[in-house]
Every structure is written in structure tokens, then in C-alpha cells.
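Enquirer: only the shape, not the letters, is given here:
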């Protein structure tokens, strides 16, 4: 191992793909004398081989049985390690049998990509007007952002409130912004909340980490939706949270299944407005069942109603926060996707005693949220600029969504099923006829990546039994022509993959 | 445990301190069926009891021998768990024998505190001009920051470069800022570096996390200095890094001891300009020995020359980055302490292949560094505003340092030894006559906290055998009179504690 590790730090390994996978894995040494469990060690070692490029995308892993024999460990060890790698999106099952290393480009395509390639040391100046690859669900419609209004607010806020942002001693965020966010949530979600129930965060991921640490949920069990957001699972895994995938059905997360699968969980992370990635809202009875479980088991619910400001039809259901105001629900959200990616401001809203604990945790960590844009965002909200911008976003995004649906019907017809969806910035479509061809969506997504598209395969978000395939197609950031052309490219690729022959 | 946990989420426990410590610990249940090691479980459970307030500051823990008997585990389990709790600052040895729970206020006093109390839900509007408690080493001299210049730059940058900060697709940071930081490092530290060797971060802690994740150092062993920064140890511990305290002597970290204690370490975190907390620079021969170790073992060196821009005398030694330009040294730094706390911008600088990996890791995580202030900071540096401000900081801070040294000599005389220190924003003083009275510095610091001071006890930063006591006294943020008065208060407190009677 030492040699392997040494090389990794000093060399690039992108070109080391030809080695035999099984031989590489046989070099692994598990250390029975350390405190780390064998399955954790195995998971870490294989992950390292993948990230360092020793195991390249598409490499087939030995079966759990074979690897257990080779390494002289129990099969539980290899099964657990593989499960964790699948859940975090490092490896994936393909056609029939066996586990394969995910293509690194495909995996990073799950993350926001605002340029065609990551900046390399020799490309420090990618075009500032890059919109990202079509269909990347994480790219917001930032070109619609009213820069002129914002520039004026930033300038004014620094003249008037500069000392406030400079001498910030507000671990919960600037008071004016906390008040403005509370007003926004009251108006948008009918949430009966005050400024003291709001904490300003650096975004959704920051809020999630703060909650896990602040409420002592590290090393605890947690419910996550299955399928659900692979990025959120990675964040929880990095924090040491033992997340358990709980199946979702048409009503949302299956609370009864959760009680069976992980009765001791102390946290549930859910997307009730529009389930990620399947799109349906959580039913009211399921919301109440979830709250009932949380109340009786003393668990915390984290409600991530991402993108719910962008609604096309229907009315929002009562949020979990609203249904259980004195309970333990924390709703989190980000403004970066509704403004521009570099804003990095979001919020958590919940009962005062929980928000107070989060503020204490922030102070304990000693790193405040960046303050430079906080006064401007407060003014943007308080003076109506934000809600006006949301109106522009909604109209434009609704139009783009219609264009995308139209193009999908024309070009792909019965080959896809568009899942219903009333809010958000992406469509989820299922691929027909792929039941017996696992990995088709990943395969098409890989090809799409080579053709300048960023298509997220649906199956990446599954942990357990749900092997439905499809795509997540973001549409917020592109003009009509770009969307139509991208759909045509996608159709051509699907012809090339020829789903029929895979059955 | 379930009841205990349920209560913690829904109630405040501040008033639950009267329970008998041993009885509380007897309620602990270690679960032998899970993957987690028993010592890890015990560490987590005791930490939870402390953070939730079930075990309050000053509570005496049972001996490792007794607890091992009570819980029917080996003594290694209890020893390892206690060691970890001591290393992370949750418990501490006191007078003679036994381990005590640290006072929570004392522990949080190690973190930046810009107000006298953390904002509570009922105090949303603490004064924006608060300077923090005297002696808090983390409070910068932000009142000296030229707000008027900065406001103009922010306004101008948003007019001219707004679209650049808005459509940011620069995972390594805004190119103009990367270039400006490279220029700053060339000028200040004589470092031969270009923009491609710089990555912009959200600060020091963010840089440390990015390096650990980006270079796959999670779950690896690492050298940290002992004594060394307890906050950095907590960050590493949270990431899953197995940090090992390596003793420092007058020349800095003892590389030979490191080779013995943790030969397989893949990382060393060091403070060569001015060792934290003891103040001496690392000798050149020690620097070369460290680099030699890193080269032969394939380890990464993280060079944290915090505050080194504030130098009073002497000349900076060749930095590790400069000595080993094509090796694996990453220097990290923050601008927040040299400007204002809410800036949240810092950097990592290192060989291009390492910086490229960090940029890929940032893109993989999908969360860019906040962009709003990046163009303004680039202009502030490029146009000379920053170096002018550094001159003001240096002069003012040098003056305040002289005032503090003078006051210490007058009021405390031979009771303290001021350690030599040529850079930075705090003094470290040793307490004479405390060899046989462990915990004296913690005791004085606790009293000081009640009197409106924020004194960091030196012993908090020790992991192992070094039990020297003293204080870290920050002086950057306070006027002469405030510093003198604070020293007088400290002297009074030391009289009250009456060190003589503790021998």
C-alpha cells in the first residue's frame, strides 16, 4: 500500500487504467490491528483506488463472494463495503450481474458544472458567460438575474451598512437578512415564523452539516429517501451519519418501512414538495405519519423543499414545518439557485430552541457565514426585488419546461415517460423498455457527456431495489433552440445505444 | 439511551447538572453488535453527555480503571476514549489525579467570540461595534479596516465585473483574485508562484478540509504539533483523520519523534513561522528534515503560517513551500483575520498538480466559494490598498503588543514568562510555579471569562506530556487603556486563585 499511496500524491494516474481489476484489489491489505472496521477499511481502500484512477470507469469488480475469499474476510464485509460504494455513487450494478466502477465524468456530472471542463491549471480564463452543459439540473437560470439592480444594492448596502457586515458578530446571520428571510417564508410558504427562527447559512449543504453537528447527529442513524439525492448521501456519509435508504412510493417516503428498517434513526431527510428525483409531492397522510414518527421517537426532520419557489401549477401543501411548528422540523433552503451560484447564502428555519442550538454550534466552530452580500440580499428581499425576480424566473422557466416537454414528445415519443412535476427546475423521465438492461441510462448519459450534454442518470440516485432507469433533465438555464437541439442529440444517442438490442 | 436522546432534542439541559457523574456514566450502553469500536462508542457517548449538558463543566469522571470495571470493557477502551476527549478539549486532567469535564464556556472561548454572549433568539441585535472580549486571540483588528476604500471597490467591482462574479464557473476562485494572491505571496514571502498555483478558499479551515478530502487523506494518520491548535485537531478529527501529536522542542516539531510515533502518517500540519502556541520559528535544519521525511514517505505537508504578515522583527525564514517547490507542500492562509471576519476568503498555494486536484475536488463537491467579495479583494490587492492596510495593522498591532508587554511586566512581574515571538497577534505567557498545580491556567481562564475577558489557557493545546501552563493573550483588537485594564483584572484574578496555596 505504501508504494501505491506514495505514487498517488506525486503523479497523475489518469493513464493507468489497463491494470487488471482483480489483481489491483488483491494488493489491498486490511489492517486487523486498527480500530477501523474491516468493511470501512475495504470501502475506503476501493474508494481510494477509484479516486486515484487505479480503478477506472467501467472496470468490473470481482464478486463479493470472490473478493471475500481472496481477502479472507467474511462476505458481510465485502457486501457492506460494496453497498456503501453503490450508495455513494462510486460503483454501480450493470446488466445481469456484477458491479462496475462508475465513470468519473459521469459521477462529477451529478455536480454543478458551469463550464465544459473543470478549470485546469492551463485554463484559468474560461468564458464568464458559460451557461453550463444543457440538462445539468444544478445550473440555475443565473443569466436572468438583474445584475444592475443587485450592483446598486451592493454598493448602497456597503455605504450604509458596511460596518455591520464588517464587524459581524451575528453567528446566526445579519439580523436584517434573518428578518427578510422570515418575511419571504411567511409570504411564500405561509409559514408562521419570526426572525429568531431563521439562521442564515452558506447554502443547503452547509445547513445540513450544521444541523448534523449542532444537534449531535454525527454517528447516528438517519432515514434518507430511496431513490434520493446521491450528493446529500455523500455529505451525510462524510459526516459519519449512518444513513439508511427508505423506499418511496407514490405518496412519498414509506414511514412504516422506515420504522422497520431503521427504528433507531434520529433524523429523516426528506423532499416533501417534490420528491427528488421522482417528482411527486408527499401526501398529507404521509406527512402526518412522518411527524408522528419523529415525535414519538425524538427524531429531527430535515425538510429540503429545494426549488419549491418555482411552481407551475397546483397549490403547495402544508409544509412539515407548518404542520409541526413546535416539534423538531428544520426546513432548509438555498438562494444561490434562485440568484447566482456564487451567492452562497441559504437558511434553516425551525423552532427557536433548535435554531438557538445551531447558532451556538456555528459560534463553536468559529467560522461565520460570508457577510459581504448579506445586507444586499436583505434589501433585495425587503424592497420587492427578489419576488419580482422570482416572477421572471417562474415565467421563463415555465416556458422552457413547455419547450422541453414538447421536444421530448416529438423526438422521443413513447420511449420515455415524463413524470408529473409541479415545481422545480428539472424533469425526470423514465426510459421505457430498460427493465432487463440495467445501466442503459448510465450508458446514454456517458455518451451524452461526450457530446456536450450533462444528463444525470436516474438510477444513480437509487440505493436499494428500485432499479428504474431514466434521466434528470434540467432546463432552467437554456434558450429554446438549445433545448430542442439537446433533445435531438439525446434522441440520436438513444438510437445509437439501441435499447432494443439490450433486452 | 433512547430516552436520554429524546430529551436532548426537545429540551434544554442547561439545568441538569446535579446528577452524579458516575451514575450517569453507568447508564451508558455500548453496543457490541455494531461496526463501531467500543472506544469510539464510549468517546461519542461521553461527548454527547457533555455537549447535551448532562455532564457539566467541572464534573469529575471516574478513573479509567473504575469505568472499565463498571462497563465490563478492557482498560484500553476507557484510556483510548479519555485520550481522545482530552485531545479534543472536552475533558482535562486536574490537580493530582482524575479527569474533569471542561467548562463549556471555557471551551467555546477557544473559538472567536465577537460579542460577550452568543446571540440568543431574544438578542438579535447585539451592537455592531462590539470588539469582542479582551485577549481573545481570534479577534482581528477589524476596526482598522478602511471601510470607505472597500465600499468603493465593492461598488466598482460590481459595476465592472459583476457578471464575472455572478456567472462564476471558476472552481479555483476568480482568476483576477488568484493572480493577485500569487502577487501578494511573491512580494510578502518571496514565494516563486503563479496564479495557477493558487486556489481561493473560504478560509483556513475550508482549505484544510479541501486538502484532506482532495488528496484522499480521510482516515489516514497525520502529524500535528503537540502542543498545537486544538481547533485544527477538531477539524481533522471530524474529517476522520487519525491525528497523532508529535512533540515540539525549541526548533519546532521533532521529526525523529514523528518517525517513531506515526511512521505511516501521510500528512503533517505545521506552523513554521511561529509555532502555535509556543511562538518559536521552526529551525532550518528541522524544516529540511521535515521535507526529507515527506519526500521519502510520500506525505503532504500543510504549512499554516497564520498571521505571518504581521511581523515585528527579524526576517522570515525560507518557507517550506519555497524550500520544496516541486514537492508536496501546500501553504494555507486566510485574509479574514487581516481584513474583517465576514470576508471568509483565504487561499491554498502549492505545486500545480496538487492545486489542480483541489480544484477538481471543489468541483466534485459542487459548492463554490462565495464570489461576491472576490473581485473587490483582487482590486484591493492589485491596487496597493491591501499592503497599505497591512502597514497600518503592523504599526498599530506592534504598539499594542508593546503596551501589553509593559503592562504584563508591571502587573504580573515574575509570575509570568513572556515567550519570544516575532510575528502574530497574540502573546503566549507561561505561568511560573504551577508545575504541581495542574489546571491552574484553566481555573484562572474560567474566572477571567466571568469577568469579561477571553483568556485561552495554554494547557488546552497540549495532547501529551507537555503540561506547561500559561495563557494566550490576543492584543490586536483593543486600545491601550482596555489592554492595561484587562491585565490588571487578570492580575487580580491570579491573586484570588493564589497559586502559592495550590503547590
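Expert: The structure has been received and is ready for your questions. Predicted model, so just to flag it, every value in this text is computed and none were measured.

Enquirer: my read is that residue A:414 contacts residue A:430, right?
Expert: No: the criterion here is C-beta atoms under 8 Å, and residue A:414 misses it with residue A:430 at 11.4 Å. In this view, the C-beta of every residue, glycine as well, is placed from N, C-alpha and C.

Enquirer: can you give me the strands for the stretch 301-450 of chain A?
Expert: Taking DSSP state E, counting those that start in this stretch, the strands of the stretch 301-450 of chain A run over residues A:329-334, A:346-349, A:416-418, A:426-431.

Enquirer: so for residue A:414 and residue A:430, which sits in the more crowded spot?
Expert: residue A:430 (17 against 8; other C-beta atoms under 10 Å in any protein chain shown).

Enquirer: so what's the more buried one bridging to?
Expert: Here residue A:430 shows beta-bridge partners residue A:417, residue A:470, assigned using DSSP bridges.

Enquirer: ok, residue A:212 touching residue A:237?
Expert: No: the pair residue A:212 / residue A:237 is not scored as a contact, 11.1 Å apart, by C-beta under 8 Å.

Enquirer: tell me where the stretch 201-350 of chain A has helices.
Expert: For the stretch 201-350 of chain A, applying DSSP state H, counting those that start in this stretch gives helices covering A:204-214, A:230-239, A:255-261, A:284-297, A:320-323.

Enquirer: what's the closest of those helices to residue A:70?
Expert: Judged by C-beta to C-beta, the one of the helices of the stretch 201-350 of chain A that comes nearest to residue A:70 is helix A:230-239, at 25.6 Å.

Enquirer: what about the closest residue to residue A:39 other than its chain neighbours, is that helix, strand or coil?
Expert: The shortest distance from residue A:39 to any non-neighbouring residue, by C-beta to C-beta, 6 or more residues apart in numbering or on different chains, is to residue A:80 (3.9 Å). When classified by DSSP: H, G, I helix; E, B strand; the rest coil, residue A:80 comes out as helix.

Enquirer: next to chain B, which bits of the stretch 351-500 of chain A? Give me the list.
Expert: Within the stretch 351-500 of chain A, the residues that sit near chain B (C-beta under 8 Å from any C-beta of the partner chain) are A:352-356, A:359-360, A:363-374, A:376.

Enquirer: biggest strand in chain A by residues?
Expert: Among the segments of chain A that qualify as a strand by DSSP state E, the longest is strand A:242-249.

Enquirer: that one vs helix A:230-239, what angle?
Expert: 160 degrees (axes from the mean of the first three to the mean of the last three C-alpha atoms, to 10 degrees).

Enquirer: touching chain B at all, strand A:242-249?
Expert: No: using C-beta under 8 Å from any C-beta, strand A:242-249 stays clear of chain B, with a minimum separation of 8.7 Å.

Enquirer: which other residues reach that strand?
Expert: For strand A:242-249, the external contacting residues (C-beta atoms under 8 Å, 6 or more residues apart in numbering or on different chains) are A:87, A:219-228, A:233, A:236-237, A:253-254, A:257-258, A:261-262, A:265, A:268-269, A:275, A:278, A:463-466.

Enquirer: show me what that strand pairs with in its sheet, parallel or antiparallel.
Expert: As assigned by DSSP bridges, strand A:242-249 forms pairs with strand A:221-226 (parallel), strand A:252-253 (antiparallel).

Enquirer: out of those strands, flag the one nearest residue A:297.
Expert: Between residue A:297 and the strands paired with strand A:242-249, the tightest spacing by C-beta to C-beta is seen for strand A:221-226, at 10.5 Å.

Enquirer: tell me who's in contact with residue A:214.
Expert: By C-beta under 8 Å, 6+ apart, the neighbours of residue A:214 are A:357, A:358, A:360, A:361, A:362.

Enquirer: what about the fourth one, distance to residue A:46?
Expert: In this structure, residue A:361 and residue A:46 are 33 Å apart, going by C-beta to C-beta, to the nearest Å.

Enquirer: got the buried residues for the lengthiest helix in chain A?
Expert: The helix that spans the most residues within chain A, counting by DSSP state H, is helix A:385-412. Buried residues in helix A:385-412, counted by 16 or more other C-beta atoms under 10 Å in any protein chain shown: A:385-386, A:389, A:393, A:396-397, A:400-401, A:403-405, A:407-408, A:411-412.

Enquirer: of those residues, closest to chain B?
Expert: Closest approach to chain B among those (C-beta to the nearest C-beta): residue A:389, at 12.7 Å.

Enquirer: do you know the pLDDT at the closest one?
Expert: On the pLDDT scale, residue A:389 is placed at 95.

Enquirer: who's in contact with it?
Expert: By C-beta under 8 Å, 6+ apart, the residues touching residue A:389 are A:144, A:145, A:146, A:338, A:339, A:380.

Enquirer: grab the nearest non-local neighbour of residue A:268.
Expert: The shortest distance from residue A:268 to any non-neighbouring residue, by C-beta to C-beta, 6+ apart, is to residue A:223 (4.0 Å).

Enquirer: the one you found: how many residues sit nearby?
Expert: 30.

Enquirer: hmm, back to that, residue B:489: which of the strands paired with strand A:242-249 is closest?
Expert: strand A:221-226 (46.5 Å).

Enquirer: show me the helices in the stretch 51-200 of chain A, by range?
Expert: Using DSSP H, counting those that start in this stretch, helices in the stretch 51-200 of chain A cover A:64-71, A:75-87, A:104-108, A:147-166, A:175-189.

Enquirer: for the second one, packing partners?
Expert: Using 3 or more C-beta pairs under 8 Å, 6 or more residues apart in numbering or on different chains; DSSP states H and E as the contact criterion, the neighbours of helix A:75-87 among helices and strands are helix A:38-51, helix A:64-71, strand A:91-93, strand A:99-101, helix A:230-239.
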